[in-house]
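Q: coordinates only, sequence not included:
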RNA sequence: UGGGGUAUCGCCAAGCGGUAAGGCCUCGGUUUCUGGUGCCGAUAUUCGGGGGUUCGAAUCCCUCUACCCCAUCCA
C-alpha cells in the first residue's frame, strides 16, 4: 500500500468520516460519461477513486454516466473499461449504468412533483435563458411554475410517453430564481429527447439531467464519497438539495472536489482531442503522441508508471499544470529496473576495422550491474560495423568523449578502436571510417591498458536487422496550447532504416527495451511485423551532454533571475459611511485603539455592537478590542450574533484574566475556543483545566534545562547564529508545560540560558 | 460585476500558532564499459501584496490583488 506520510485532503476526509462512524465502509465510484476516450486526467480520477477504496478497504464502482443519448456510444464504454483494467483496478460488482436507473430516477422525479418541488415548464429554450437572469441580476420565475401538482404529473407522464416534441417542455426543480448561485435558479431535471440511446434503446423520451441523475445514482449505489473535479463546485448545492428534499433513508453521499490534471505541452480537453483525431492530425485515439490512455499504452508507457505519476502529483484544490518532465521521470524510473539493454543504431555510419578478420560472437548481458536481473545474448562481431553518426567527429567540442581521429573509443561489449582514416563522398560528407581494433582490449578481458572516455553502441553490418523506429516529440510547441495552431510540426520522425542487433528480433526477450545511450523503446503492438519490425520511442534517456552543448550554443544565459520585488497594485478601499467614521474616530480617540483594529470594528455593525457591550462590563478597551476584532470576528463571520455560544460579558471576563496575567494570551486563545464550543464561563474552563499560567522562574528553569539537554544539535545551531531557533526552544518548553508557562518569561530565560 | 473556489521554490506539493517536508527540474561532485542508473551535496531568512493581533504568524483578523469556475434542454 502506497501510504505516503502525508495524506491528501480527500483521504483526510475519508479517514475522519470512517473514524466518526459517519460511514461503516468507504464506497467511491469512477463515473465517466462514455462520450470519448479516457485520457490521463481520467487516470488521475481512477487512481484517486480506486486508490481510496483500496487504501481504506472499501469498494469502488465503475459507472457509465450515460444520460445524454446523443453523444454516447458503446465503443467508449469499452475504452473506459479497458483503461480501468489496464491500470490494474477491479470495480465492485459489474459495471453500472445511470441508464439502468432511469425507472427509479423517474419515480424520484414524480415524488418531487408531488411534494410541489418540481414543475413542468413550457418556456422555450431562449425564454428559459432569458428568465434565468445574469450573475448580477436575479432571474424571474416562469408562469408555468404555478401549475398544479395534478397538471404537472399529467404533463410529465405524457412527456415520458413521447407525446411532445423535443424542447416543448422540461421538468424543473422549484428552488430559487434569484439564488446567487446561478445553478440553483430552478435547475432543469428532465428534457425531452426523441433519440436512440445506445443502451436503453428507444424506450425513453425523457432523459434526466446530470444534476438530477448523478446525486441519485450515487445514493442508489450506496456511494459515500462522491469525488469530482472543481468545476462542479457550484453543482454541489443542487446535489445536496435533491438528496435532502427527497427524505431518503440515510446514509447519503457527499460531494468533494479536486483540481483536474493538466500537463504542459499537451491538451486534455475532449473538444481538442476530438478535433485532433477527426482532422487527421494524429493517427487515431491511440496515437502515441496523445495524452489518452490508449496513446500512452501504445507508446509503451506502463500502467505502473502512470499510477506512480498520479501518486507523485498529489491531490489538491489549486488549479495547476504539471511539468511533463514529471511524467517522463515516472516512466524512465519504472523502465530502468525492468527492461533489457540492447544496441540499435539510428543513423548508421560505416566503420571498417582493417586489422580484424573473420567473425566472432561476443557475450552481452541484458542488464547492467545495478539492475538485479539475469540474462544475456550473443552479439555478432566482424570487420564491418555501424556506429552512430553522432559518435564520431573530426572537430570535437570541449568535453567530447566519443571517437575522433585522436581519441579511441570502446565498442560496447567489444573492443577498443582507433580511427585511422576518414572517407568522404564528393560533397564532403563522411561515408566511412577506417579503423583498427586493439586485440587485447576485449570486453571483460582487457589487458590493453588503454583508457577511453566512453563506450558507444554499434551493430555488426552482416547480421544487423533493419527496423523502423518512430521518434515522438511533444505534440504541441506551446507550453499551454490553445488550439491546433499551436501544434508542433515535428512531433513525429520516422526512421525507416535503423539497424538493430539480431537478438532483439530473433529472441524477442521483451517488448520494451532500452536502446543504450538513446532511450526506451516499445515494439509497436499494431504495426510490428517480422518483416518490418517497428519500435516506438517511449522516452529518451536523460542526456546531460546534449543539454550542455545546446546550452553553450545558445546565448551565454547570464541573467540570474531579475529578482524584481513584486509590486502589487493597491486597490481602492471603500470609504466609510458617516456612522462608521464616527465610530472609528471614537475608537482611535477616546479608546486609544490603533487604526487597524478600530477600522475592523468600526466597519462591522455586529462586531462594534459586541465590542461596546463588553466594554460596558469591563473598562479595558484595547485588550477587549483585540480579542473582539480577531477572535470574535472569526466566529461572527459564519454565525449570527445570537447564535454565538458565548456572551460579551464572558469575553470581558476572559479579558480580565489576560489583563491581570492570570492566563497568557496563548492560553486565552485556547479558552476562547472552548467557550465558542461549549459556552462555558472562562473562569470555569481555566479552573477545570488548570490553565493558570506559570511565571515563577524557579518552576520554569528546570524544564528549560531539560529541553536544552535533549536538543544538543539545536543548541549548537542556535549558538552558531540560527536565532530563530529561540522559537523552537520556547515551543518545546510550552509543550511540556501544556502551554501554561508564561511565554514571555520563558523567552527571557531561554535567551539568557543560551547566551 | 453577484456567487463559489484557489494563491507556499522554475513545476507539483506538505504544512492547521513554536526549526518552511518531499518529489520533479536545474546545478555541482562521485561511481560507471550507457554523458543512463546509483550515491553525496547545493538550491524559499520566506509563504500573492499591505497592515493588525501575539513572546512567536505560511497558519488567526482586516484589507487589497491575481487567476479559475458558474448565465448548455452538456457532463
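A: Thanks, I have it. Quick caveat: nothing in here was measured; it's all calculated off a predicted structure.

Q: dump the residue contacts of residue A:492.
A: By CB atoms under 8 Å, 6 or more residues apart in numbering, residue A:492 lies in contact with A:289, A:470, A:471, A:472, A:473. C-beta coordinates here come from the backbone N, C-alpha and C atoms, glycine included.

Q: beyond the helix or strand hosting the second one, next helix or strand please.
A: For residue A:470, the enclosing helix or strand under DSSP states H and E is strand A:465-472. Remark: after strand A:465-472, the chain's next helix or strand is strand A:492-500, criterion DSSP H and E.

Q: coming back round to it: name the helices or strands packed onto the strand holding residue A:470?
A: Packed against strand A:465-472 by the contact rule (3 or more CB pairs under 8 Å, 6 or more residues apart in numbering; DSSP states H and E) you find strand A:492-500, helix A:502-507, strand A:534-540.

Q: tilt between that strand and strand A:492-500?
A: 150 degrees (axes from the mean of the first three to the mean of the last three CA atoms, to 10 degrees).

Q: re earlier: just say which of the helices and strands packed on strand A:465-472 is most tucked in.
A: strand A:534-540 (a mean of 22; mean count of other CB atoms under 10 Å).

Q: in terms of secondary structure, what does the top helix by length along chain A contact?
A: Ranked by number of residues, the top helix in chain A under DSSP state H is helix A:40-55. Identification of packing neighbours for helix A:40-55 by 3+ CB pairs under 8 Å, 6+ apart yields helix A:9-19, strand A:27-30, strand A:59-64, helix A:74-86, strand A:225-229, helix A:293-299, helix A:303-313.

Q: one more time with 10 Å
A: helix A:9-19, strand A:27-30, strand A:59-64, helix A:74-86, strand A:225-229, strand A:254-258, helix A:293-299, helix A:303-313 (3 or more CB pairs under 10 Å, 6 or more residues apart in numbering; DSSP states H and E).

Q: quick one: closest of these to residue A:635.
A: With CB to CB as the criterion, residue A:635 lies closest to helix A:9-19 of those, at 22.1 Å.

Q: what's that closest one in contact with?
A: The contact list for helix A:9-19, computed with CB atoms under 10 Å, 6 or more residues apart in numbering, reads A:3-4, A:6-8, A:22-26, A:28, A:48-49, A:51-53, A:55-58, A:224-225, A:227, A:251, A:254, A:256-258, A:314-317.

Q: which helix or strand contains residue A:591?
A: Take DSSP H and E as the rule and residue A:591 turns out to sit in neither a helix nor a strand.

Q: separation between it and residue A:122?
A: 62 Å (CB to CB, to the nearest Å).

Q: likewise for residue A:352?
A: On the measure of CB to CB, residue A:352 and residue A:122 end up 87 Å apart.

Q: likewise residue A:141?
A: Counting by CB to CB, the gap from residue A:141 to residue A:122 is 13 Å.

Q: equivalent analysis for residue A:208, please.
A: Applying CB to CB, the value for residue A:208 to residue A:122 is 19 Å.

Q: same drill for these two, tell me which one is more crowded.
A: Per other CB atoms under 10 Å, whichever of residue A:208 and residue A:122 has more neighbours is residue A:208, with 26 against 17.

Q: report the beta-bridge partners for the more buried one.
A: residue A:190 (DSSP bridges).

Q: the residue of the stretch 301-450 of chain A found nearest RNA strand B: which element?
A: Among all residues of the stretch 301-450 of chain A, residue A:443 sits closest to RNA strand B, at 2.1 Å; criterion: CB to the nearest atom of the strand. Counting by DSSP H and E, no helix or strand carries residue A:443.

Q: which residue, other than its chain neighbours, is closest to it?
A: residue A:413 (5.0 Å; CB to CB, 6 or more residues apart in numbering).

Q: surely the one you found touches residue A:442?
A: Yes - if you go by CB atoms under 10 Å, residue A:413 and residue A:442 touch, sitting 9.4 Å apart.

Q: could you check the angle strand A:534-540 makes with the helix or strand bottoming out on mean pLDDT in chain A?
A: When the helices and strands of chain A are scored by mean pLDDT, DSSP states H and E, helix A:544-553 comes last with a mean of 80. Angle, helix A:544-553 to strand A:534-540, by the same axes, to 10 degrees: 70 degrees.

Q: as a markdown table, the contacts of residue A:492 with neighbour count would be great.
A: Converted to a markdown table, these look like this (neighbours: other CB atoms under 10 Å):
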| residue | neighbour count |
| --- | --- |
| A:289 | 24 |
| A:470 | 19 |
| A:471 | 19 |
| A:472 | 19 |
| A:473 | 16 |
